[in-house]
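Peer 1: pasting the structure only:
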């Protein structure tokens, strides 16, 4: 059975349209949501992500701005920049691009972002609130995974979700979102990792399988049960043997798995396409909280 | 096969001996570890626990600073007490005896404790750090279960650990310790709830099964794999059919499972006796950190 392809670009466009309506409403009362990203140095992947954020921001009707600091910027300068943005009432969301130069203390920098503006949900207090089931901003990559599932008709409620990969930006926050006794969650969640012995025995149990290890094509067809919903969060650059050119592939062997899975996200055009939009959604929510503090995200 | 009984009292006593030695070292270095507690009202259960915690401090050599407020205490009064203890450099750990009277918000009170002194690991900062794999305090039940597993020779590394509980006090913090890429962890963790559809399909796969649902004998022998390690963290009062007396039983049908499991924690005498000890352990850790000594 060929799988349904879950089209990340289409879902991203759908969410942007909804966000546009919300930002229009905010504008009428004089609020324009604003996201400021902090980029230290010239990391090419960050620059590519930045372009995606600017584009999604524009489509959704929010302002985006980038504070650029030199690669050699001191810890103090980074913290001062964050403090300034925390204070600035026109700024609703702050994102700090990773990776940071090695001389910068990442934990201290992330912890310095005000939880009210931490739209990528990386401050430990945001992660803590997330796990406790309190209101917080959902980190954009796992938030995107949840939206893809729900909007493609595969709500995780009551399902066995197996997450391969336990990173702080995907595996762990996604697990903490999906175990909550809340709408669009309520799943039974297993977290495993690349060192798991006999990993196929676990992945084959999944109703929904999320691959987030960052290793090209590691999820093969024999690891997937017939009809499973497969979400591929990996982005790996490999050389195409046929053309000799670099290309993007996921953690899932798409060609082989697509005939067995019930639904699957492609790479590119799957999870990556919604990530930046979720960051924008959080920024809009941060601005809305100024007038409607109680509503859930 | 008859299961090994995981004796929480014995493990607890061993940890307390280690703590006594650590406290002695700290005192030699001029640090007197101190735990502060806040109890509001006269709830008999809470009062008993509160006193047991004070006694445990005494046994180990930790200085205790216990504060009792009347049932009518306002949020401001509670926050003021917490604030004073936060500022007191002689106090290393602070706990609030739960539950609080209905007019007080537990979230607000717990969030007011300085993360460095939050030895119950309930503040969102500690919860977040623990989940991210950073040094943090975690709730006693979670660290007690980890210690029980490791000290009884059942290291969770690469085991399928199935937890039937998704509460903030048990399931979530336990998962948060066991999924880390660290010693005594690296497990494949599945979080279920008692209402998970086809729960038995999950529990039967478990190498290590942890249950905390507060339903007497909820886990029956057919729900476990032969040789599994079963940790029962439930306490239910039932009437004994023979003696007609009230007695405590766990969430696991102990009599039926003990011949099938590889190891099992009893109720009473399992994880329960370790809880207060873990609070003591966190307090000693907090004192060591405050003194910038190795933990």
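Peer 2: Sure, I can see it. Values in this document were obtained by computation on a predicted structure and should not be read as measured data.
Peer 1: now the longest helix anywhere in chain B: average pLDDT?
Peer 2: What stands out as the longest helix in chain B, according to DSSP state H, is helix B:8-28. For helix B:8-28, mean pLDDT is 97.
Peer 1: elements contacting the helix or strand just after it?
Peer 2: Scanning forward in sequence from helix B:8-28 by DSSP states H and E, the next helix or strand is strand B:34-40. With contacts taken as 3 or more Cβ pairs under 8 Å, 6 or more residues apart in numbering or on different chains; DSSP states H and E, strand B:34-40 sits against helix B:44-60, strand B:63-69, helix B:75-87, strand B:93-96, helix B:275-290. Every C-beta, even on glycine, is put in place using the N, C-alpha and C of the backbone.
Peer 1: alongside chain B, which residues does the stretch 151-297 of chain A contribute?
Peer 2: A:158, A:160, A:166, A:168, A:172, A:175-176, A:179-181, A:188-193, A:195-197, A:202, A:205 (Cβ under 8 Å from any Cβ of the partner chain).
Peer 1: correct me, but residue A:164 touches residue A:199?
Peer 2: Yes. Assessed by Cβ atoms under 8 Å, residue A:164 is found in contact with residue A:199 at 6.9 Å.
Peer 1: of these two, who's got more company?
Peer 2: More crowded of residue A:164 and residue A:199, by other Cβ atoms under 10 Å in any protein chain shown: residue A:164, with 29 against 19.
Peer 1: give me the phi and psi for that one.
Peer 2: Main-chain torsions, residue A:164, degrees, to the nearest 10: phi -100, psi 110.
Peer 1: ok, now the one 3 residues further on?
Peer 2: For residue A:167, the backbone dihedrals (degrees, to the nearest 10) come out as phi -70, psi 160.
Peer 1: got the domain boundaries for chain B?
Peer 2: B:31-114, B:140-274 (automatic domain parsing).
Peer 1: which one of those domains is the most hemmed in?
Peer 2: domain B:140-274 (a mean of 20; mean count of other Cβ atoms under 10 Å in any protein chain shown).
Peer 1: average model confidence for that one?
Peer 2: 96.
Peer 1: could you confirm whether that domain reaches chain A?
Peer 2: Yes. Domain B:140-274 lies within reach of chain A by Cβ under 8 Å from any Cβ, at B:158, B:160, B:166, B:168, B:171-172, B:175-176, B:179-181, B:186, B:188-193, B:196-197, B:202, B:205.
Peer 1: check chain A and tell me which residue is nearest its centre.
Peer 2: Geometric centre of chain A, nearest residue: residue A:141, 1.0 Å, by Cα atoms, centre = their mean.
Peer 1: what pLDDT does that residue get?
Peer 2: 97.
Peer 1: so it makes contact with residue A:277?
Peer 2: No. Using Cβ under 8 Å as the test, residue A:141 is too far from residue A:277 to be in contact (11.4 Å).
Peer 1: that older thread, let's see which of the residues of the stretch 151-297 of chain A next to chain B end up in strands.
Peer 2: Secondary structure from DSSP state E places A:160, A:188-192 of those in strands.
Peer 1: go through those and name the one nearest residue B:21.
Peer 2: residue A:191 (36.1 Å; Cβ to Cβ).
Peer 1: who's in contact with the closest one?
Peer 2: Residues near residue A:191 by Cβ atoms under 8 Å, 6 or more residues apart in numbering or on different chains: A:163, A:166, A:171-172, A:175, B:175, B:179, B:188-190.
Peer 1: low-confidence ranges in chain A?
Peer 2: Applying pLDDT under 70 to chain A flags residues A:1, A:293-297.
Peer 1: let's go with 80 and repeat that
Peer 2: Scanning chain A for pLDDT under 80 picks out A:1, A:292-297.
Peer 1: any idea which helix is longest in it?
Peer 2: From DSSP H, the single longest helix across chain A is helix A:8-28.
Peer 1: report all helices and strands that that helix contacts.
Peer 2: Using 3+ Cβ pairs under 8 Å, 6+ apart: helix A:8-28 touches helix A:44-60, helix A:140-151, helix A:271-289.
Peer 1: most tightly packed of these?
Peer 2: Of these, helix A:271-289 is the most buried (mean count of other Cβ under 10 Å), at a mean of 25.
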